[in-house]
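Enquirer: How does the following fold in three dimensions:
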Amino acid sequence: MALVIRLRRQGARKKPFFRIVVAESSSPRDGRCVAQIGTYDPACDPPKVNLRADQVERWLKAGARPSTTVANLLDRARHSATA
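Expert: Prediction:
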C-alpha cells in the first residue's frame, strides 16, 4: 500500500478548487482518500494554500510521497511561512 499526497479536484466546471489529500497510489484522482490535510484555491490572486502542518509532517514521516504539484505547494507554503 503506497501512499501519496496529491490533489483532489472539487468545484464547478472552469472554477477549480482542490483538496490536498493522502490516498493510495492505485485509487483514482477523485476517489477514496485516507485523510484530507489541506486545500488549494488557484482562483484567488495570489493562489491560496491552507495546510494542517502537523498532519503533513505526520504523513511524510509515515512514508507518503507528495506528487510533483503538491511538493511545489508545500515548498511555497514553507517559504511564505518563514518570510
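Enquirer: alpha carbons only for contacts and neighbour counts from here, please
Expert: Will do.
Enquirer: ok, and the helix or strand in this protein with the lowest average confidence?
Expert: Sorting the helices and strands of the chain by mean pLDDT, DSSP states H and E puts helix 68-82 at the bottom, at a mean of 87.
Enquirer: Now do the same contact list for residue 20.
Expert: 5, 6, 7, 8, 36, 37, 38, 39, 40, 70 (Cα atoms under 8 Å, 6 or more residues apart in numbering).
Enquirer: Let me see the ranges of the helices in this protein.
Expert: Along the chain, counting by DSSP state H, helices occupy 53-61, 68-82.
Enquirer: Quick one, which of those gets closest to residue 29.
Expert: helix 68-82 (13.4 Å; Cα to Cα).
Enquirer: outside of the closest one, which residues touch it?
Expert: With Cα under 8 Å, 6+ apart, helix 68-82 has contacts from 5, 6, 7, 20, 49.
Enquirer: ok, now with 6 Å
Expert: Contact with helix 68-82 is made by residue 6, as judged by Cα atoms under 6 Å, 6 or more residues apart in numbering.
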